[in-house]
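[1] fold the following, please.
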Amino acid sequence: MERSLVASLALAFSLLCAVPARAGIADSPLPVLSAGATTFHLYSVPGVINSGGLGTYFSCTSTDTATMQVGVELFASPGGAPVNDAVATSLSVAPGATVMFGTSGAAGLSINSSLGGGSMSKGSARILATSKKLACTTFLADVSNAPPTSMAQLTIIAKVKQKAAN
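    Model prediction:
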């Protein structure tokens, strides 16, 4: 009886222990962008904003010789699970083609996929694709003026490793 009591207490203790939460871009599971294809986490982008008249835009060009699937996942400032569905907003990108994802529409910018995700400040994103042959740039822009009267480039880092800026 003592043995079963100890086993029961051990089980109860293990169930009560906190499981580490997923922390966003670093360790959230990658979605499957295309059946039968591997999804790669190519780039991370800190500083994503979708509020105060600003939106974040991701422009990506395929440098592959085959069509690939490209998606962008958004994460709120506390981290955790993505706040959008990268599979639903992903795009099929032909060889040499360029597409633009946006956290919202903007006057003067033609986006191919609206990421949604709601209002956010100090968010982050990860750019995903079924091929590693993708070149991207990311920027903030005001959403009301055509052309945008304010724009700022955001730093893109390879996966989760940033190199020194010097």
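[2] any idea which residue is closest to the centre of the protein?
    Glu73 (2.5 Å; C-alpha atoms, centre = their mean).
[3] which ones are touching it?
    Ile25, Ser28, Pro31, Pro82, Asn84, Ala86, Ala125, Arg126, Leu128 (C-beta atoms under 8 Å, 6 or more residues apart in numbering). Any C-beta I mention is one placed from the backbone N, CA and C, and that applies to glycine too.
[4] now these in TSV, with pLDDT, secondary structure and neighbour count?
    Supplementary listing: those in TSV, determined by pLDDT from 0 to 100; DSSP: H, G, I helix; E, B strand; the rest coil; neighbours: other C-beta atoms under 10 Å:
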residue	pLDDT	secondary structure	neighbour count
Ile25	87	coil	22
Ser28	91	coil	17
Pro31	95	coil	15
Pro82	95	coil	21
Asn84	96	coil	20
Ala86	96	helix	25
Ala125	96	strand	31
Arg126	96	strand	24
Leu128	98	strand	22
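[5] stretch 120-140: end-to-end distance?
    13 Å (C-alpha to C-alpha, to the nearest Å).
[6] for that stretch, buried residues please.
    For stretch 120-140, burial by neighbour count (16 or more other C-beta atoms under 10 Å) applies to 120, 123-131, 134, 136, 138, 140.
[7] quick one: which of the residues you listed is nearest Gln162?
    For the buried residues of stretch 120-140, the minimum distance to Gln162 (C-beta to C-beta) is 12.3 Å, reached by Ser124.
[8] enumerate every residue touching that closest one.
    Gly24, Ile25, Ser44, Val45, Pro46, Gly47, Val48, Leu74, Phe75, Ser77.
[9] hang on, it in a helix?
    No. According to DSSP: H, G, I helix; E, B strand; the rest coil, Ser124 belongs to no helix; its state is strand.
[10] beta-bridge partners for it, please?
    Taking DSSP bridges, one obtains Pro46, Phe75 as the residues bridged to Ser124.
[11] what score does it have for pLDDT?
    Per-residue pLDDT puts Ser124 at 96.
[12] doesn't Ala88 fall inside a helix?
    Yes. Remark: Ala88 belongs to a helix, assigned using three-state DSSP.
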